[in-house]
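1. Need coordinates for the below:
(2 chains)
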Amino acid sequence: MEHIPAIPGTPRNGAPDAPAAQAATGTLPPRSTRQSCLLRGLRDLFAARGADDLRAASLALDDCVARYGTPAPLPPNASAQHGQHSRPDQHDPARRTAAQAAPGHPRDDPWRDAEYAFNRLFVGPMAVPAPPYASAWLETEPRLMGESTMDVRDLYHALGYAVPGEGTTPDDHLSFELDAALALLALRDAAPPPVMAAREERGLAVDDAWRWLVAEHMGAWVPRFVQRALAEPGVPPAIARALALLLCWQEDAAAACAHRHPPETTAEASAPSL
Amino acid sequence: MSKTTGPTGPTGPTGPTGLNGPGGTPSRGAPSRSMSRRSFLKGLIASGALATLPCGLLLPRKASAAPFNKADFQIFRNACPRNCYDTCSMVTYVRDGVVRFVEGAPESTFTAGGLCVKGYAYPRRVYSPDRIKYPMVQDGRGSGNWRRVSWDEAMERIARKLLEIKEKDGNLLGLALTKYSGNFGITNYGVEGMMSSLGYTTRLVGTPCWPAGIDAQNYDMGDMWCNDPEDMEKSRYVIIWGANPAWCSVHSMKYVYAARDRGAKIVVIDPVLTQTSAKGDVAWQPETGSDGALALGMARHVLDLGLVDRDFVANNAVGFEEFAAYLRQNVTVEWAAEKSGIPADEIRRVAEEFATAKPATIWIGYGMQRHVNGGAAVRAIDALVAMTGNVGKVGGGARYGHLQTWGFNYHAMIQKAPAGSIGFTGKAGPKGEFDVTAGAAAAAAYTDRSLNINKTAQELLDAQNPPVRVLWSSCKNPFAQDFDRNKLEKAFDKLEMVVSVEQFFTETVRHSDIVLPVTTLFEEWTVNASYWHYWVSLNEQAIAPMHEAKSNIEIAALLSRHMNRLSPGSCTYPQDIDTKEWMEKEFNKGVYDLLGISHWQDLRKGPAKARMPSSASWSDRTFKTPSGKYEFRSDLCASHGHKALPEYKEGRKAYAPYRLLTPHSKFAIHSQFANLDWMEEFQTEPFVYLNPALARAKGIADLDTVRVFNPTGEVKLRAKITNTVPGDCLLMYEAWFRKLDFNVQNLVDDESADMGAYKTGAPGVAIHDQFADVAIA
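-> Next up is the predicted model:
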């Protein structure tokens, strides 16, 4: 894959590193610039370890939205509650979670409050309402490291990549899946346009992989994940906006897949029963 | 590597988890997922074309589950490290680095290839989305404002605090450890070692579990040492007294059944009609806490019938004649009947049967000694077993527990204080029943400061010079296990820093400043022994620790690194350790000889059983008492402020209208397991169980929400009406539910049991001498 532009992520057997800490260095062709901008911002936001990461990722998402516009109208529950374009530092402090300010942290640091809320939603230590792992949503009974985790692991392996600390970190954390989507986006851009590539094997495989990841796999859990998180009280606007952008991106990308590739289920559905 | 779905353990029905909850709906088209994945993966890897065939009638062939093939799995040895009689030897099946399912080890005749319902749920624990994944700091205890920090940041914060309090107080007695039975893997005694390696600290010592009975058996026989439970099948008469093995020691039941198949009678004594009672031939429901009177009444009848084993009491015991005189002067069967509520004729009948069946045994449960007179009651039961000649007999015995197979090196535990450490100068006793260092510290100038674990709240409030400033909690959930929860909350308010080492967000974590994620049994090496059966199991690391979890000894090593970086020489704990190497260091020749193995590696083939001279304890009738004989009269016991003879001791006076019992559920061990989804399927919420007569008197209907209250606090929950609970009793099972704030310790105070201080450092606690009232909420 030496001809492929640098794919953000961790090379398999490479030095372990968190995706958030990686700067995406590749220059992507314009066709998918908006998508990759969004994906990078979302990936880094959901991989955030703290207030600084959340702030940086949110600002990056701001830039994406400013440069390319919102991909689609945000879902009502996100925009109604929190305002579509408000930046966290413009919020009414009274709307923040009723968190006590901790010694050593300025009371009016909205990013610190966003960090607390982010941890309550996605990280812990308490049981979180919206675990950001595919298998928590896709297994018959919610768990981590299920079959759906192995699915994305196989995809990463096929791309020549692996999560840092494989076997320790669940492969299907949202941020890794977004990183893989970014990788596939780069691969698609490297390939000839779809019409021309229709008969070319690599193009077909990459498109299939993209469709599986974005439409089939993420489509089966990301909408529910987003809905569940947005249903929690006191979601800070920066996080609500990111969730809405995530859902919009996933729905758009899935719809585009459907347009390009009629779902294979039609074969099954249209088959006359014997 | 097969990708098809093999047997991945039992999967129960999907419960309703809410419209949007994780796992509520399986993914659409899930069965075809792996097929479509493979097709594109092949394309990506080999550039093989994915052909779309023009089939109109043929359907894609569905992939079906491949038959189970052992070769698809890596197989590891594990051991359930929970505080349970059964300490199961486990086999763990791993594929793709993921624990797929667990089984009981077939090599252990005790575990016999099967686990309990909790044990089978272990994969749900390791991979629970609820698991604590990272070290985290709470900004404002109880605020719910948690920040993720690196291990280094967490440990540096703790190390700085420890150095600060050491500087302020001139010693480290402001650091206290609370640890008990959350993980009995031997290397986990490295937590105590971590404390020792920092200097002299404060320890919450003793045990809430079984100390009164331990002392009682030590007074009578010089040790707590039970027969092999597997020889129970040779008993001709089995009395199960205050234990519920049908729930809490399921592997022991096969020996009870085997004994009955061979003609033994099974008598179950419990104030509650338990599953074990239901399986017995005779079920007695005596007044709670009247066990001593009942045993003495039986003893009097045995004496009257002349069924005493004259050889034993004359040659292998001291003080029998004094005991007999006490019985004649102070005890009648009618008195015992009045005290216990068991009819005198029945007492006579069972006593006679017990005394004439050879061998006969009594299983003394831990529940029956959790009373202000519990130690005295155990002594009375021991006496009944001894006078009938059943001590030292295969199939006989006063079975309580043993520590015969625990002779490890305690390498992780035994650490030196840094040079120049200042400590406590008062009297030092044992720090719990597993304290192998007890007595060794006599020569040291300083010791640790001991506080009574069973009065944790009060002791933390009262400790002075210095006060307890930092509390380290590991293998323990104080808010679930320590008594008088409201008082404990006040005690925690006084603490400057609380560090909890946990796997789940318990009430204790909620009251912590820092939480550190700890490994499960599958993620570390250790070795496990039982206090009931005689098997020893290796616990292999089967998977890499999930998330950022570390084992207790790795945490200690990291703390040492930060202590020494900030203040060289401030901690003697090795700074780099490997859990496998440290597991190896626990073995010695004594353990090898006992188990009949030449190397710990032999345990990879399966658990090993101790090679005892006999399945019976005390088979040579040489006792470890001062006299070397069984002591019906124990001067040692008298010197500790008790009666020399196993005399009757009155129970606790009621302080509210109904007795409150908080025993163990089948679906939890203390606060562990009840939070797992598979257990929630069976045990969705707590209930208070009460008798129809009591319910009628209080106007309570089945499933009404009620308040149970007493001077200690209050619990609100739904009521279930049942005849299995006596009329003057309120029963609720102790457990921690992840979604509820139910806690029995709102109602249980810290009243001491009579015994326990001698062998465990602090008296036990009268968990079942509690009282409460109930009303419609």
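
2. Let me see the contact set for residue B:675.
-> For residue B:675, the contacting residues are B:130, B:504, B:736, B:737, B:738, by CB atoms under 8 Å, 6 or more residues apart in numbering or on different chains. Heads up, the C-betas are built off the backbone N, CA and C, glycines and all.

3. wait, doesn't the first one sit right on residue B:505?
-> Yes - counting by CB atoms under 8 Å, residue B:505 is a contact partner of residue B:130 at 7.0 Å.

4. which sections of the chain are below the confidence cut-off?
-> This is for chain A. A:1-31, A:70-108, A:191-204, A:260-274 (pLDDT under 70).

5. Chain B was what I was after
-> B:1-56, B:59-65, B:439-443.

6. ok, 80 please
-> Within chain B, the segments meeting pLDDT under 80 span B:1-66, B:426-428, B:436-444.

7. quick check: longest strand of it.
-> What stands out as the longest strand in chain B, according to DSSP state E, is strand B:713-721.

8. Report how many residues lie close to the closest residue to residue B:647 other than its chain neighbours.
-> In space, and not counting its chain neighbours, residue B:647 is closest to residue B:326: 6.2 Å by CB to CB, 6 or more residues apart in numbering or on different chains. Using other CB atoms under 10 Å in any protein chain shown, residue B:326 has 22 other residues around it.

9. Quick check: which element contains residue B:326?
-> helix B:320-330 (DSSP states H and E).

10. Neighbours of residue 234, how many?
-> No chain specified, so I'll use chain A. Neighbours around residue A:234, by other CB under 10 Å: 17.

11. try chain B instead
-> 20.

12. which stretch of helix or strand covers whatever residue of the stretch 151-300 of chain B ends up closest to chain A?
-> With CB to the nearest CB as the measure, residue B:153 is the residue of the stretch 151-300 of chain B nearest to chain A, at 10.5 Å. Here residue B:153 is covered by helix B:151-169, with elements defined by DSSP H and E.

13. Tell me the first helix or strand C-terminal of that helix.
-> Heading C-terminal from helix B:151-169 (DSSP H and E), you reach strand B:175-179.

14. which residues in chain A form helices?
-> Ranges of helices in chain A, per DSSP state H, are A:33-46, A:51-68, A:76-82, A:110-118, A:135-138, A:147-158, A:174-190, A:194-197, A:201-210, A:218-230, A:237-260, A:265-270.

15. Is it correct that residue B:436 falls within a helix?
-> No - the assignment for residue B:436 (DSSP: H, G, I helix; E, B strand; the rest coil) gives coil, which keeps it out of a helix.

16. List the single closest residue to it in space, sequence neighbours excluded.
-> residue B:410 (5.1 Å).

17. Please identify the most buried of the helices of chain A.
-> helix A:135-138 (a mean of 27; mean count of other CB atoms under 10 Å in any protein chain shown).

18. gap between whatever residue of the stretch 151-274 of chain A ends up closest to chain B and residue B:259?
-> Relative to chain B, the nearest point of the stretch 151-274 of chain A is residue A:205 (2.9 Å; CB to the nearest CB). The span separating residue A:205 from residue B:259 equals 66 Å under the rule CB to CB, to the nearest Å.

19. before we move on, what about residue A:161?
-> For residue A:161 relative to residue B:259 (CB to CB), the value is 61 Å.

20. Before I go, just wanted to say thanks for your time.
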